[in-house]
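Participant: After the sequence you'll find the predicted model.
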Amino acid sequence: MHLKRVLSAAAFLPLFVLLVQFGTPVHFFLLVSAATLVGLYEFYSMAEAGGLHPLTLLGMAGGLALGGLQFFRASAPWLAFALAGWVMLLLIVLLLVSADPKGAALRGAVTLLGMIYVAGLLSFTALLRAMEAGSVYIYYLALVTWAGDVGAFYVGTTLGKRPLYPSVSPRKTVEGGLGGLACSVLASCAAKLWFWERLGTVQILSLGLGLGIMGQVGDLCESMLKRSFGVKDAGTLIPGHGGVLDRVDSLLFTGPVLYLAVLAGWV
């Protein structure tokens, strides 16, 4: 397991760095769109395994459209109209295909949840990349988020004793959580020394802690969904890591937080 995780990361990271460094925001948007499609497929497959029968193709198409509208800066009225139109289409399709009306609400709800959870949250990474200092923001987001993931995993597996949230994720421990937070803060410090010199001490600590906490919350939320659907992993695409959702679950929560901090002019 550990070797597979290391080899997968070693294969992916150089490609990721090359894309961020030399690719355009549109190239990164295409990567996010591909991850969104796979993540949505994984989410709906988990829901199907849980007996909820989402409208997978409609949800995937809606997720791509939502991400595109956000990236290309659709105005709020158009975004709201598109979402309203998609909900109407969803209900019409349910009206036509649902043999049992009692299950229609659950099918519609899980389809909409998947679209917003995966496509809506993941799209903030593409929005960050499209900003003036977008590559810096993406490097920082990935470094702090994944440092927290790695720290929580390895500290938890070696030193973990006290369960953090056993009803949701029995293997996660308090020690692992604290180790993950420490690694997120250390990664935030490293970012200042490495590529984001204008970060101040307060920003280093608050962003490191904030993103570290939200990353672990995102991880726990995905664990909750998997437990709700009765599955262990979101997929098997990435050896040692599970599916795409298992790899980006923390980014789903840290991306919007960093985007808000940048948008507010706090960094």
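Facilitator: Cool, got the structure.

Participant: any low-confidence regions in this protein?
Facilitator: Within the chain, the stretches with pLDDT under 70 are 1-11, 235-242.

Participant: all helices of it, in order?
Facilitator: Secondary structure of the chain (DSSP state H): helices located at 2-22, 25-49, 56-71, 76-97, 104-114, 121-129, 134-159, 174-194, 201-229, 244-248, 251-263.

Participant: Stretch 258-267: which residues count as buried?
Facilitator: Residues of stretch 258-267 classed as buried: 258-259, 261-262, 267 (neighbour count, 16 or more other C-beta atoms under 10 Å). C-betas here are computed from N, CA, C, even on glycine.

Participant: Show residues contacting it.
Facilitator: 124, 127-128, 131, 137, 140-141, 199, 203, 207, 210-211 (C-beta atoms under 8 Å, 6 or more residues apart in numbering).

Participant: Let's see that with 10 Å instead.
Facilitator: Residues outside stretch 258-267 that contact it (C-beta atoms under 10 Å, 6 or more residues apart in numbering) are 123-125, 127-128, 131-134, 136-138, 140-141, 144-145, 196, 198-200, 202-203, 206-207, 210-211, 214, 251.

Participant: can you check stretch 86-101 too?
Facilitator: Contacts for stretch 86-101 (C-beta under 10 Å, 6+ apart): 53, 55, 57-59, 61-63, 65-66, 103-105, 107-109, 111-112, 115.

Participant: Repeat the analysis, applying 7 Å as the threshold.
Facilitator: Stretch 86-101 is contacted from outside by 55, 58, 62, 104, 107-108, 111-112, using C-beta atoms under 7 Å, 6 or more residues apart in numbering.

Participant: Pull out the buried residues from those residues.
Facilitator: For the contacts of stretch 86-101, a burial check counting by 16+ other C-beta under 10 Å picks out 55, 58, 62, 104, 107-108, 111-112.

Participant: which pair in the residues you listed spans the largest distance?
Facilitator: G62 and A104 (17.0 Å; C-beta to C-beta).

Participant: If you count neighbours, what's buried in the lengthiest strand in the chain?
Facilitator: Using DSSP state E, we find that the single longest strand of the chain is strand 169-173. Within strand 169-173, the residues that qualify as buried are 169, 172-173, counting by 16+ other C-beta under 10 Å.

Participant: Distance to A49 added to these, as a markdown table?
Facilitator: As requested, the buried residues of strand 169-173 are exported to a markdown table (distance: C-beta to C-beta, whole Å):
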| residue | distance to A49 |
| --- | --- |
| S169 | 18 |
| K172 | 22 |
| T173 | 27 |
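
Participant: Pull the contacting residues for A147.
Facilitator: Contacts for A147 were tallied using C-beta under 7 Å, 6+ apart; they are 183-184, 186-187.

Participant: now the residues you listed as a markdown table including distance to A99 and neighbour count?
Facilitator: A markdown table is the format used below for the contacts of A147 (distance: C-beta to C-beta, whole Å; neighbours: other C-beta atoms under 10 Å):
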| residue | distance to A99 | neighbour count |
| --- | --- | --- |
| C183 | 50 | 23 |
| S184 | 48 | 32 |
| L186 | 55 | 17 |
| A187 | 51 | 24 |
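
Participant: will you turn those into CSV that also has distance to T24?
Facilitator: Shown next, in CSV, are the contacts of A147 (distance: C-beta to C-beta, whole Å):
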residue, distance to T24
C183, 31
S184, 29
L186, 31
A187, 26
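
Participant: Which pair of these spans the longest distance?
Facilitator: S184 and L186 (7.3 Å).

Participant: before we move on, back to that, can you tell me which of the contacts of stretch 86-101 lies nearest to A34?
Facilitator: Distances from A34 to those, taken as C-beta to C-beta, are shortest for G62 (16.3 Å).

Participant: The closest one against M115, yeah?
Facilitator: Yes. Using C-beta atoms under 7 Å, G62 makes contact with M115 at a distance of 4.9 Å.
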